[in-house]
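Student: below: sequence and its predicted model.
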Amino acid sequence: MAWWGKLIGGTLGFMMGGPLGALLGTTLGHQFDANRRGAGMRALPGDQERIQLAFFTATFSVMGHIAKADGQVSQQEIQMAKSLMDQMRLDKQQRKAAIDLFDQGKHTDFPLNDVLHQFRNECQRRTTVLRMFIEIQVQAAMADGRLDPQENSILLHAADVLGFDQSEVENLINLISGTAGHVGSKPARSIDQAYKILGASKDDSDAEIKKSYRRLMNQHHPDKLVAKGVPEEMVKLATEKTQEIRSAWEQVRDHRKNTA
C-alpha cells in the first residue's frame with residue numbers, strides 16, 4: 001500500500017478535498033485544507049495513488065452504510081469487513097482507518113451521493129475500478145446470506161451513479177451468490193450454480209457462454225485491475241474470483257460435452 005506511507009508521512013501532495021477527503025481527514029485526525037489541497041481536482045492519468053486513496057476511502061465507508069441500511073449491522077457483515085482487511089493485509093494502523101471509515105458510513109448523515117459522485121470523478125470513468133467497487137459492495141450486502149430491500153436499493157442507486165445499469169448489478173449478485181463459500185476449493189456446485197456464476201443460461205449457445213466467460217475473466221484480470229488503479233492489496237479478491245469463474249466455465253463445458 002504505497003500511498004499509505006506517503007499519506008501518513010505528509011508527502012502525498014494530491015490529497016483530495018470534498019467528502020472523501022473529509023471522511024479520511026476525520027479518520028486520520030488531520031485537518032486538511034480543502035482549498036489548498038485542491039478540492040474537486042480530478043486525478044490526472046497515472047495518478048494511481050490518488051485513485052487508490054479514493055477507492056480505499058469509498059469502499060469501507062460505503063460498506064458501512066450498506067451494512068446499516070436495514071437498521072442493524074450483523075456479525076456476518078462485520079466479519080465480511082474484517083475478512084476484506086485480512087485479504088488486504090492491513091497493519092494495525094490501516095485496519096483502524098478502515099474500521100473508522102466503516103463506522104462513519106453507518107451515520108445517518110453519511111453523504112452517500114456526494115461520496116459516489118466524487119469517487120466516480122476521481123476514477124475518471126475507469127470502468128474496471130468502479131465495477132470492482134460495486135462488486136465488493138454487493139459481496140458486503142450479501143454477507144449475511146440475503147439481500148434486504150434497503151441494501152438492494154442502495155446498490156442500485158450506487159450502480160446508477162457510477163454508470164452501471166440494473167442488469168450488471170444482477171449479474172454481480174449471481175456471481176457472488178454462486179461463489180459464496182466456495183472460493184479456493186472444489187465445490188459441490190450444481191450445474192445451475194455454474195451457469196449462474198457465468199451469467200448464462202442452459203439455453204445459451206456454446207459461443208454465447210464462452211463470450212460471457214471471457215468477459216468475466218477480462219473484468220477480473222489482476223494486471224488490468226492494478227493498471228486501472230485498484231489497490232494491489234485488493235487484487236487478491238479478483239484473483240479468487242477468476243478461479244471460481246474458470247471452475248464454473250470448466251464445469252459447464254464438461255457438462256455440455258457429456259450430455260451432447
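Tutor: Yes, it's here.
Student: and after the helix or strand bottoming out on mean pLDDT in the chain, which helix or strand comes next?
Tutor: Taking mean pLDDT, DSSP states H and E as the measure, the helix or strand of the chain with the lowest value is helix 34-37, at a mean of 40. Going down the chain from helix 34-37, the next helix or strand is helix 48-67, by DSSP states H and E.
Student: which other helices and strands contact that next one?
Tutor: helix 2-9, helix 18-28, helix 75-87, helix 92-105, helix 112-123, helix 127-141, helix 149-162 (3 or more C-beta pairs under 8 Å, 6 or more residues apart in numbering; DSSP states H and E). Any C-beta I mention is one placed from the backbone N, CA and C, and that applies to glycine too.
Student: try 7 Å
Tutor: Here helix 48-67 touches helix 2-9, helix 18-28, helix 92-105, helix 112-123, helix 127-141, helix 149-162, going by 3 or more C-beta pairs under 7 Å, 6 or more residues apart in numbering; DSSP states H and E.
Student: among those, which is the most enclosed?
Tutor: Counting by mean count of other C-beta atoms under 10 Å, helix 127-141 has the highest mean neighbour count of these, with a mean of 22.
Student: tell me which other helices or strands it touches.
Tutor: Using 3+ C-beta pairs under 7 Å, 6+ apart: helix 127-141 touches helix 48-67, helix 75-87, helix 112-123, helix 149-162, helix 166-179, helix 222-228.
Student: which pLDDT value belongs to Gln118?
Tutor: At Gln118, the predicted lDDT confidence score is 93.
Student: ok, it - contacts?
Tutor: By C-beta atoms under 7 Å, 6 or more residues apart in numbering, the residues touching Gln118 are 18-20.
Student: quick one: low-confidence ranges for the stretch 101-250 of the chain?
Tutor: 178-188, 226-234, 236-237 (pLDDT under 70).
Student: go through the protein and flag its longest helix.
Tutor: When the chain is parsed with DSSP state H, its longest helix is helix 235-259.
Student: run the angle between it and helix 166-179 for me.
Tutor: Counting by axes from the mean of the first three to the mean of the last three C-alpha atoms, to 10 degrees, helix 235-259 lies at 80 degrees to helix 166-179.
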